[in-house]
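Chemist: generate coordinates for the sequence data below:
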Amino acid sequence: MRRATIFLILICLTFQTSFAKNISFNDCFKALEHAITDDIKSGTFYLIDENNKKQVSIKIKNRSLNGLCESYFKNGQAKFTANFFNNELNGNAQLFDETGNKIRLINYKNNFKHGKDTVFFKSGIKKSEISYQHGLKNGIENHFNKNGSLAKTYNFINNKKQYKPNEYSLKKKITLGVLAATAITGLVFLAINDKGIGHNRYYLSPEDTKADSMTQLYGCIYSLRGCCSYHGGIFDVTGNKILCQDGTMSPSCRCL
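Modeler: Modelled structure (predicted):
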């Protein structure tokens, strides 16, 4: 029975603490596992290291975490404190650095963030403050500068960032403007290439060709002057290539 209880605790540990968003409260469940192994069903339990220093202290009721859990660094400073009810995070959790500075304060309800999640600079000034309801961002999210002044603020409804009407309109206009500029650039590029800008392209007249090739060559564009100038002149067009009088294909000209 005891082994089954420990197994269930480990499952709860893996599943439930995932809601803490990369904040690990595993120390509490590790201590609970030792307490159940020692057949402690209720009361306060301390997990001690090899140097006889407290690692974790927990409150237990009916073999479950109920009350305050405290974890400590090796130097004796508190690492975090968290409140549990029936193995679920309920109430506030505080995180500290090794020098004792509070770096985060989070409120939970039924294992989900519920209320404020506040991060602090080492100076104790707020770095950010985010409002949650049942694990989702709902309300104001503020970010602060090191001097405490407000840097930026957002509003969320069910994890979706909300825009003010004029802010959304501006964002939409910018997006449409970028798309329009991209389309115009593409059209200009096509127009430049079609007109042959940068090349001496021109239309061949029927007089420049043999009479039996007149139909094919009329309106044909070639890229550089002097096509087939060293090969007896232009003779015919094959596909998009220009055939010279001596039977060779022009190396520099083509029909578009």
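Chemist: could you list the low-pLDDT ranges of the chain?
Modeler: Where the chain drops to pLDDT under 70, the residues are 1-22, 165-173, 186-226, 238-240, 254-256.
Chemist: please parse it into its domains.
Modeler: According to automatic domain parsing, the chain comprises the domains 2-162, 202-254.
Chemist: between these, which one is nearest to Leu179?
Modeler: Nearest to Leu179 among these is domain 2-162; the distance by Cβ to Cβ comes to 21.8 Å. C-beta coordinates here come from the backbone N, C-alpha and C atoms, glycine included.
Chemist: helices of this structure, start to end?
Modeler: In the chain, the helices defined using DSSP state H lie at 2-16, 26-37, 165-195, 214-217.
Chemist: quick one, what contacts Leu47?
Modeler: By Cβ atoms under 8 Å, 6 or more residues apart in numbering, Leu47 lies in contact with Asp27, Lys30, Ala31, His34, Lys54, Gln55, Val56, Ser57, Ile58.
Chemist: ok, the third one touching Tyr72?
Modeler: No - look at Ala31 against Tyr72 with Cβ atoms under 8 Å: they stay out of range, at 11.2 Å.
Chemist: so what sits against both of those two?
Modeler: Contacts common to Ala31 and Tyr72, judged by Cβ under 8 Å, 6+ apart, are Gln55, Val56.
Chemist: okay, the two: which has more neighbours?
Modeler: Comparing Ala31 with Tyr72 by neighbour count (other Cβ atoms under 10 Å), the higher total belongs to Ala31, at 22 against 19.
Chemist: show me the contacts for that one.
Modeler: Phe45, Tyr46, Leu47, Gln55, Val56, Ser57, Ile58, Cys69.
Chemist: go through those residues and flag which are in strands.
Modeler: Phe45, Tyr46, Leu47, Gln55, Val56, Ser57, Ile58, Cys69 (DSSP state E).
Chemist: just the buried subset of the residues you listed, written out for PyMOL, thanks.
Modeler: A single PyMOL command selects the buried members of the ones in strands among the contacts of Ala31 (16 or more other Cβ atoms under 10 Å):
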select buried, resi 45+47+55+56+57+58+69
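Chemist: out of the ones in strands among the contacts of Ala31, who's nearest Ile103?
Modeler: Using Cβ to Cβ, Cys69 comes nearest to Ile103 of these, at 17.7 Å.
Chemist: so who does that closest one touch?
Modeler: Each residue near Cys69 by Cβ under 8 Å, 6+ apart is listed here: Phe25, Asp27, Cys28, Ala31, Val56, Ser57, Ile58, Lys59, Thr81, Ala82, Asn83, Phe84.
Chemist: and if we set it to 6 Å?
Modeler: Applying Cβ atoms under 6 Å, 6 or more residues apart in numbering, we find Cys69 in contact with Cys28, Ile58, Ala82.
Chemist: coming back round to it: turn the domains of the chain into CSV, columns for distance to Leu179.
Modeler: Formatted as CSV, the domains of the chain follow (distance: least, Cβ to Cβ, whole Å):
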stretch, distance to Leu179
domain 2-162, 22
domain 202-254, 32
